[in-house]
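K.L.:
structure, please.
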Amino acid sequence: MANQVLAFDGKTWVDRTPQVFDGTTWRAATPLYWDGAEWRTGAPPPREFPSYAGNASSIVSGDVAELPVPADVRTGDLVVSVCAQQGGAALPSPLLAPAGVLPTVYTLRSGVRLLVAVWPWEPSRGSTTVWDTAGSTTTAVMNLLYRGGDTASVSLTPVVGITEHLGVNQVPLDASQDYTTLYAVLTVSDTLTGAAWPDGVIPRAQRLGRFGTQQISLMTADTPGAGASPGALRLDTTVETAAVAVITIPGRSDGRPTWILGDDRASVLGTTTYLE
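P.N.:
Prediction:
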């Protein structure tokens, strides 16, 4: 309902709320807001599997890593910001912008640091993320957008699992979780030029370090959560360090079972299964 407007007619307050004609009658105007792409009367309902909507990524050197949020962001989209640092000091508040967003920070045995923050976007959050990367020789940063997520279920600890591997050319992926699962894999190597994700995992953004220089690389992919491991990420060289983080993009279940084509566990039809 629109905000009520009252006017004093000299004797009493009377309703002067603006109205619109719908072709049949005059009625109160429905409040609208601009979500960045269209006018809406309300937020769209969350989906069980939030969908990927875009990314921005970069590899930088220096004390600050600044990266724009993808230009087609809409109000209510979930922003997943991933920052992989090659060393540097452990800081109490490494995410400088947007204000008020707390990242989770993981320091691995190799000294590499992985930072992840997830938040629902709105105009007041701004169009840029800024990470404090003082002391890091190289930093890979990514901002990924997901649409249709359940903003009420965003967790302060979106990473549900992280594992580190030393001297490997394959990175085993942990089991995907509920809703949409995002895998973020970082490596340190001077010879990595490519990688191949297993079937059923959709590659999203990738930033590889400079060949011949011991640098960090960051690769991301996602899949619908099915409770089983989709396999391993195959690298084209043996890397010194590799780590994989499993990040849940929260959705909202519609209460119906899900059948995921090609998944060993989630594509088994029962005797009373119906496909729509």
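
K.L.:
state the helix or strand in which the residue nearest the centre of the chain lies.
P.N.:
Centroid check for the chain by CA atoms, centre = their mean gives Val80 as the closest residue, at 2.9 Å. Using DSSP states H and E, Val80 falls within strand 78-85.

K.L.:
and that strand, how far from the chain's centre?
P.N.:
7 Å (CA atoms, centre = their mean, to the nearest Å).

K.L.:
dump the C-alpha coordinates for that strand into CSV.
P.N.:
What follows is strand 78-85, C-alpha atoms only, in CSV (Å, rounded to 0.1, in the frame of the first residue of the first chain):
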residue,chain,number,x,y,z
LEU,A,78,24.0,-12.3,-3.6
VAL,A,79,27.5,-11.1,-4.0
VAL,A,80,30.3,-13.6,-3.3
SER,A,81,33.7,-11.9,-3.0
VAL,A,82,36.7,-14.2,-2.9
CYS,A,83,40.2,-13.0,-2.1
ALA,A,84,43.3,-15.2,-2.3
GLN,A,85,46.4,-13.7,-0.8
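
K.L.:
okay, now the sheet partners of it, with direction.
P.N.:
If you go by DSSP bridges, strand 78-85 pairs up with strand 113-120 (antiparallel), strand 139-147 (antiparallel).

K.L.:
just give the nearest non-adjacent residue to Val246, would you?
P.N.:
Distances taken as CB to CB, 6 or more residues apart in numbering place Gly161 nearest to Val246, at 4.3 Å, with adjacent residues excluded. For every residue, glycine as well, the C-beta is placed using N, CA and C.

K.L.:
wouldn't that neighbour be in contact with Ala243 here?
P.N.:
No: contact criterion CB atoms under 8 Å: Gly161 and Ala243 do not qualify, at 10.9 Å.

K.L.:
top strand in this protein by residue count?
P.N.:
Longest strand of the chain, by residue count under DSSP state E: strand 232-249.

K.L.:
counting by contacts, list what that one packs against.
P.N.:
Strand 232-249 is packed against strand 78-85, strand 113-120, strand 159-172, strand 180-189, strand 195-196, strand 215-224, with contacts defined by 3 or more CB pairs under 8 Å, 6 or more residues apart in numbering; DSSP states H and E.

K.L.:
downstream of the first one, the next helix or strand is which one?
P.N.:
Moving toward the C-terminus from strand 78-85, the next helix or strand (DSSP H and E) is strand 95-97.

K.L.:
elements contacting that following strand?
P.N.:
Checking 3+ CB pairs under 8 Å, 6+ apart, strand 95-97 ends up next to strand 128-132.

K.L.:
could you check the angle the strand it packs on makes with strand 78-85?
P.N.:
Interaxial angle of strand 128-132 relative to strand 78-85 (axes from the mean of the first three to the mean of the last three CA atoms, to 10 degrees): 30 degrees.

K.L.:
so how far is strand 128-132 off the chain centroid?
P.N.:
With CA atoms, centre = their mean, you get 15 Å for strand 128-132.

K.L.:
just stretch 121-129 next, same as before
P.N.:
14 Å.

K.L.:
which other residues reach that stretch?
P.N.:
36, 66-69, 73-79, 81, 95, 97-98, 101, 117, 119, 141, 143, 145 (CB atoms under 8 Å, 6 or more residues apart in numbering).

K.L.:
buried subset of those?
P.N.:
Buried subset of the contacts of stretch 121-129 (neighbour count, 16 or more other CB atoms under 10 Å): 67, 69, 73-79, 81, 95, 98, 101, 117, 119, 141, 143, 145.
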